[in-house]
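Engineer: Here's a sequence, model it:
(one chain, ligands or ions: 1)
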Amino acid sequence: MRTQVGIVGAGPAGLLLSHLLHLHGIGSVVLEAHSRDYVEKRVRAGVLEQGTVNTLVGTGVGDRLLREGLVHHGIELRFGGRPHRIAFERLVPGRAITIYGQQEVVKDLIAARLAAGGQILFEVSDVVPDDIATACPVISFTHDGHRRRLDCDVIAGCDGSHGVCRAAIPDGALTVFAREYPFAWLGVLAEVPPSADELIYAHSDRGFALHSMRSPSLSRFYLQVDRDEDVAKWPDERFWAELRVRIETVPGWRLRDGPVLEKIVTPMRSFVAEPMRYGSLYLAGDAAHIVPPTGAKGLNLAAFDVGVLTEALAAWYADGSTGLLDEYSATCLRRVWRVQHFSWWMTTLLHTFGDDDGYGRRLQRSQLEYVASSDAAAASLAENYVGLARV
Ligand SMILES: Cc1cc2nc3c(=O)[nH]c(=O)nc-3n(C[C@H](O)[C@H](O)[C@H](O)COP(=O)(O)OP(=O)(O)OC[C@H]3O[C@@H](n4cnc5c(N)ncnc54)[C@H](O)[C@@H]3O)c2cc1C
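Structural biologist: Numbers count the residues shown, from 1 in each chain. Modelled structure (predicted):
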């Protein structure tokens, strides 16, 4: 097989890249380890920045997003027994977030690619990117029991944090920056209408809690738990009881509960691999960087990376210019590090740290009070949360 861009991974990064390239007349083949059904049901991110929404709508894959997405003009910080609203409409006029599940974005992109005759090969195995230092890279893989070979001009490694592309880069070529947090998130998807119109980020002495949603009938909740927490230790009753203690802290506010559809534990970490390119291999999305989900940025950053890569490849195919490709890594990393900082800041602000002697807790409280009472501080949070137009 031969294509222009060989894409490993049919997550948001790989699928959006394939879609954007197609709009520029550039061919691609997407190789995905899991089945279509699996990737279309994988519940993960749900907060889309304004820029991500603009990209999806502007490239013709936003019809359902516009119909079903929930546009939010603020979030709530809850601490000290009071709600504090961060009002986007006043602090960052014209910009908002949209709640629309990552699995819905994935469904829309797969449908658009297949309708346009795009090639996505699901359930491939033993994917090996090869000759990545040369101008003729190759991807070998197994599909339908046959070993296949895909020749391409460039490879896009969109295969997430545990994929094979980053691992294919020789030792010493990448510098890795990482931070592990001493806690994880217990994420629960429940069949119950949201208990509030906007997301609630709750800071309490017992740990962080987040009230979020995926649709008018589906709520998403997160609880800070120990890093190596066993999900089996969290039967539904224990989960709801702990969530109530952490989030029902405002007089008169009540949490609705309902049937739990899914429960997972996700360790929190920050990770960046630099540079995001080696020879003919370009890394994008979680394959190059991870942020803790407190800032709701991972999916949005993946969308940004592939937008930059598309522009660079389009220029190269149009007139052979390599300037944008050469700048790809540096352009992306500027935003990556802004987002790394914001995600680390939100995480540090809102979670409890076991080894804190009280000093850290008082700093958190002071910063929370500052954000709640100063428009300057709140505007900084707001513009990072809805997504900076330019970094
Ligand atoms: C619990 C949780 C909550 C989150 N909340 C948010 C949020 O609110 N907002 C936000 O913006 N982000 C959030 N994120 C992060 C977001 O989900 C990721 O950043 C996003 O999925 C990155 O997209 P991606 O395409 O780069 O990687 P992925 O979605 O990981 O996709 C990679 C794809 O590559 C495939 N693959 C892997 N290895 C191979 C291989 N060897 N061969 C072929 N295919 C392979 C995988 O099966 C997968 O389909 C959250 C993440 C988690 C875990």
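Engineer: phi, psi of residue 386?
Structural biologist: phi -80, psi -10 (degrees, to the nearest 10).
Engineer: burial count for the nearest residue to it once chain neighbours are set aside?
Structural biologist: In space, and not counting its chain neighbours, residue 386 is closest to residue 95: 4.4 Å by C-beta to C-beta, 6 or more residues apart in numbering. For every residue, glycine as well, the C-beta is placed using N, CA and C. The tally of other residues near residue 95 (other C-beta atoms under 10 Å) stands at 20.
Engineer: and residue 95, that's in a helix?
Structural biologist: No: looking at residue 95 with DSSP: H, G, I helix; E, B strand; the rest coil, it is coil, so not inside a helix.
Engineer: What score does it have for pLDDT?
Structural biologist: Residue 95 carries a pLDDT score of 95 in this model.
Engineer: how much space is there between it and residue 245?
Structural biologist: 34 Å (C-beta to C-beta, to the nearest Å).
Engineer: before we move on, what about residue 87?
Structural biologist: Between residue 87 and residue 245 the distance is 28 Å, computed by C-beta to C-beta.
Engineer: now do residue 220
Structural biologist: 19 Å.
Engineer: Over to residue 15?
Structural biologist: Residue 15 is 40 Å from residue 245, by C-beta to C-beta.
Engineer: Check residue 59 too.
Structural biologist: 44 Å.
Engineer: Which one's more surrounded, those two?
Structural biologist: Higher neighbour count among residue 59 and residue 245: residue 59, with 17 against 14, using other C-beta under 10 Å.
Engineer: Could you report the neighbour count for the closest residue to the more buried one other than its chain neighbours?
Structural biologist: Distances taken as C-beta to C-beta, 6+ apart put residue 23 closest to residue 59, at 5.9 Å, once the chain neighbours are dropped. Per other C-beta under 10 Å, the neighbour tally for residue 23 reads 13.
Engineer: and the end-to-end length of stretch 91-103?
Structural biologist: 30 Å (C-alpha to C-alpha, to the nearest Å).
Engineer: Now do it: everything it contacts.
Structural biologist: Stretch 91-103 is contacted from outside by 12, 39-50, 53, 65, 68-73, 88-89, 212-215, 296, 299, 375, 378-379, 382-383, 385-387, using C-beta atoms under 8 Å, 6 or more residues apart in numbering.
Engineer: let's see 6 Å
Structural biologist: With C-beta atoms under 6 Å, 6 or more residues apart in numbering as the test, stretch 91-103 has contacts from 40-48, 50, 53, 65, 69-73, 88, 213-214, 299, 378-379, 382-383, 386.
Engineer: List buried residues within the residues you listed.
Structural biologist: Buried members of those, scored by 16 or more other C-beta atoms under 10 Å, are 40, 43-48, 50, 53, 65, 69-70, 72-73, 88, 213-214, 299, 378-379, 382-383, 386.
Engineer: Same list, those, but only the ones touching the ligand.
Structural biologist: Residues of the buried ones among the contacts of stretch 91-103 in contact with the ligand (C-beta under 6 Å from any ligand atom): 44-47, 299.
Engineer: and the longest helix along the chain, how far out from the chain's middle?
Structural biologist: Determined from DSSP state H, the single longest helix within the chain is helix 323-350. On the basis of C-alpha atoms, centre = their mean, to the nearest Å, helix 323-350 sits 13 Å off its chain's mean C-alpha point.
Engineer: how about the residues of the stretch 1-150 of the chain that lie near the ligand?
Structural biologist: 8-14, 31-34, 39, 44-47, 102, 124, 127.
Engineer: Among these, which are located in strands?
Structural biologist: Applying DSSP state E to those, the entries found in strands are 8, 31, 47, 127.
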